[in-house]
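Trainee: this is a predicted model, with the sequence first.
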There are 2 protein chains.
Amino acid sequence: VSWVNNQWVLRHEASISIDDRGFRFGDGLFETIRICHGKPYQLTKHLERLKQGLTALCINYDVQPLTAAIAELIERNNLEEGIVRIIITRGKGGHGYLPDPGATPTAVIMTNTPPTLPAKPISLWSSSYQKLSPQQQPTHCKTLQGLTSTLARLEAQENQCQEALLCNHKHYIAECTSNNIFWIKDKQLYTPSLNTNIIGGTVRDALLRLSPYPVHEGLYPLKTLKNADAVFTTNCIALCAPVAKLEPLGWEWSSKTYTDELNQLLKNDMESYAA
Amino acid sequence: VSWVNNQWVLRHEASISIDDRGFRFGDGLFETIRICHGKPYQLTKHLERLKQGLTALCINYDVQPLTAAIAELIERNNLEEGIVRIIITRGKGGHGYLPDPGATPTAVIMTNTPPTLPAKPISLWSSSYQKLSPQQQPTHCKTLQGLTSTLARLEAQENQCQEALLCNHKHYIAECTSNNIFWIKDKQLYTPSLNTNIIGGTVRDALLRLSPYPVHEGLYPLKTLKNADAVFTTNCIALCAPVAKLEPLGWEWSSKTYTDELNQLLKNDMESYAA
């Protein structure tokens, strides 16, 4: 089942109005949360980011009931391992783009089984698409504005790559379409700082907290990656996913030793959350 | 009624799946078409822009059946004057942002009665938001990525303005949230050229075709407007809407004489389309 505006609905029957601004304008937010042993990993961090997004989008929605709804949804769907997805939109109404201040936000929660992850280290495509800037719209929260990411993934796929790496409007390394990026050089861990307009991922946070290597967050041009010892992406589904190559530049890395080590730390952390 | 994936559905019951990528990611396009005497004004131009958008977004949808569906919808809803809205999304499915190449696009058509237009010349707010660039996503078609426009309209409203004027990333005048912008200086008509990342509006096209004044399209910094004789916005709902003021700069214009004249030309053109 899914949870749609406080109602339990069969997933394949779950729907929203064609007048919903989520559908009309992508006017909303989402979160994707990892379920480990039936417990949502780092739920508080996800809800905190969702609240920041609601503030940035001026959507008046109280996230408080989501915690109980997620717990009940996991139980109803008997989900031990998988993903919970929350979508909050501004609801219906408004005069064109101008919202109706009295609109009731739409809230949807659904679960998915864990997706199949690539068995081998992935190839990244150096994207022709640029990450949006905060002068254009809020970039620190997971909005429903997924077109750049969608087109970047299609471009990567056309070039036989599994993910796309985007730089920001100042040409600094930003993030992948649904992952943060990290690299290791001389036993030091590097990642773009939050002011590159990236999403502060929850696994990014966990890794900064757990890393056995000294951590550096900063503004890095793409060429920084050329001499890295290892490169990997992070998100709550794949945790650390080793990167083999950046195309079309042809830069290659052996990243798996590092990601195996770091994934063990993350898995231990997940286990302790679920305990 | 509304038309949802080839079916006639009561408007208040018309819905789409929570798995639709239009809802999940704003992964689609729309068109808003003016109905005059029961006929869609400049339908061919709208469908042409929609086709360009489908190509840009790599959505494989044949617009050909839309013409008959729109005509039948107008008849079923007995709509003499109003608006038809088309929404096409990439449909369901995919692995996160990566689309499912076999997905069937979602197609929705709905009608609305004409909205109430402001009785007086409007005030524009010089937006703190910046128009997106083509390096980030297609900007020449009407995508469902409406967050920047939504937030810009909210900001304008907070400042007692009815619309927002956005510049592009190079600080040239671009467009309003759902209108193009024009101005008149010394009996010459000016408007930003298409390479300012704007939507080429259908009424913008009509005005360039019908204008009794010599037309200039170009890259203009915001200060160009200060010495204009008249400023107005265009879209298919309001046609030419006179602008009284640009806030917070306090620049003022008497635009109504010009918009009355140009609206008469546009109305004549609409009548001849409908005839």
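Mentor: Yes, it's here. Residues are numbered from 1 along each chain as shown, chains lettered A, B, ... in the order given.

Trainee: is the closest residue to A:Thr148 other than its chain neighbours in a helix, a strand, or coil?
Mentor: Nearest residue to A:Thr148 in three dimensions, chain neighbours excluded: B:Gln137, at 4.7 Å (Cβ to Cβ, 6 or more residues apart in numbering or on different chains). C-beta coordinates here come from the backbone N, C-alpha and C atoms, glycine included. Each residue gets one of three states, and B:Gln137 gets coil by DSSP: H, G, I helix; E, B strand; the rest coil.

Trainee: tally of neighbours for B:Gln137?
Mentor: Residue crowding around B:Gln137 was assessed by other Cβ atoms under 10 Å in any protein chain shown; the count is 23.

Trainee: OK, contacts around it?
Mentor: Residues in contact with B:Gln137 (Cβ atoms under 8 Å, 6 or more residues apart in numbering or on different chains) are A:Tyr129, A:Leu147, A:Thr148, A:Leu151, B:Thr143, B:Gln145.

Trainee: A:Leu219: which of the residues you listed is nearest?
Mentor: The shortest separation between A:Leu219 and any of the contacts of B:Gln137 is 19.2 Å, and it belongs to A:Tyr129 (by Cβ to Cβ).

Trainee: wait, doesn't the closest one sit right on A:Glu155?
Mentor: Yes: with contacts counted by Cβ atoms under 8 Å, A:Tyr129 reaches A:Glu155, the gap being 7.1 Å.

Trainee: these two: who's more crowded?
Mentor: For A:Tyr129 and A:Glu155, the more surrounded residue by other Cβ under 10 Å is A:Tyr129, and the numbers stand at 22 against 16.

Trainee: can you pull the phi/psi pair for the closest residue to that one other than its chain neighbours?
Mentor: Spatial nearest neighbour of A:Tyr129, chain neighbours left out: A:Ala152 (4.5 Å); criterion: Cβ to Cβ, 6+ apart. Taking degrees, to the nearest 10, you get phi -70, psi -40 for the backbone angles of A:Ala152.

Trainee: how close does A:Ala152 get to B:Gly96?
Mentor: According to Cβ to Cβ, to the nearest Å, A:Ala152 and B:Gly96 sit 12 Å apart.

Trainee: more crowded one of these two?
Mentor: When neighbours are counted by other Cβ under 10 Å, A:Ala152 comes out ahead of the other of A:Ala152 and B:Gly96, with 26 against 20.

Trainee: quick check: the more buried one touching A:Leu166?
Mentor: Yes: in this structure, A:Ala152 sits in contact with A:Leu166. The criterion is Cβ under 8 Å, and the distance is 6.2 Å.

Trainee: pull up the overlap in contacts between those two.
Mentor: Once Cβ under 8 Å, 6+ apart is applied, the residues that A:Ala152 and A:Leu166 both contact turn out to be A:Ser127, A:Tyr129, A:Thr177.

Trainee: just the residues you listed: which are in strands?
Mentor: Among those, the members found in strands (DSSP state E) are A:Ser127, A:Tyr129.

Trainee: can I get the shared contacts of A:Ala152 and A:Leu166 in a markdown table with distance to A:Leu73 and pLDDT?
Mentor: A markdown table is the format used below for the shared contacts of A:Ala152 and A:Leu166 (distance: Cβ to Cβ, whole Å; pLDDT from 0 to 100):
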| residue | distance to A:Leu73 | pLDDT |
| --- | --- | --- |
| A:Ser127 | 34 | 98 |
| A:Tyr129 | 34 | 98 |
| A:Thr177 | 26 | 98 |
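
Trainee: ok, the shared contacts of A:Ala152 and A:Leu166 vs A:Ile59, which is closest?
Mentor: Nearest to A:Ile59 out of these is A:Thr177 (Cβ to Cβ; 23.7 Å).

Trainee: spatially nearest residue to that closest one, not counting backbone neighbours?
Mentor: Nearest-residue entry for A:Thr177: A:Ser149, 3.9 Å, with adjacent residues in sequence omitted and distances by Cβ to Cβ, 6+ apart.

Trainee: low pLDDT regions in the stretch 51-200 of chain A?
Mentor: By pLDDT under 70, the stretch 51-200 of chain A contains no weakly predicted segment.

Trainee: one step back: list the buried residues for the host helix or strand of the residue nearest to A:Thr177?
Mentor: Following DSSP states H and E, one finds A:Ser149 within helix A:147-158. When neighbours are counted by 16 or more other Cβ atoms under 10 Å in any protein chain shown, the buried residues of helix A:147-158 are found to be A:Leu147, A:Thr148, A:Ser149, A:Thr150, A:Leu151, A:Ala152, A:Arg153, A:Leu154, A:Glu155, A:Ala156, A:Gln157.

Trainee: next helix or strand past that helix?
Mentor: Beyond helix A:147-158 in the direction of the C-terminus, DSSP H and E gives the next helix or strand as strand A:163-167.

Trainee: send me that following strand as CSV with only the CA atoms.
Mentor: What follows is strand A:163-167, C-alpha atoms only, in CSV (Å, rounded to 0.1, in the frame of the first residue of the first chain):
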residue,chain,number,x,y,z
GLU,A,163,26.0,8.1,-13.7
ALA,A,164,26.6,11.7,-14.7
LEU,A,165,28.9,14.2,-12.9
LEU,A,166,27.8,17.8,-12.9
CYS,A,167,29.8,20.9,-12.2
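
Trainee: distance of A:Thr191 relative to chain B?
Mentor: 21 Å (Cβ to the nearest Cβ, to the nearest Å).
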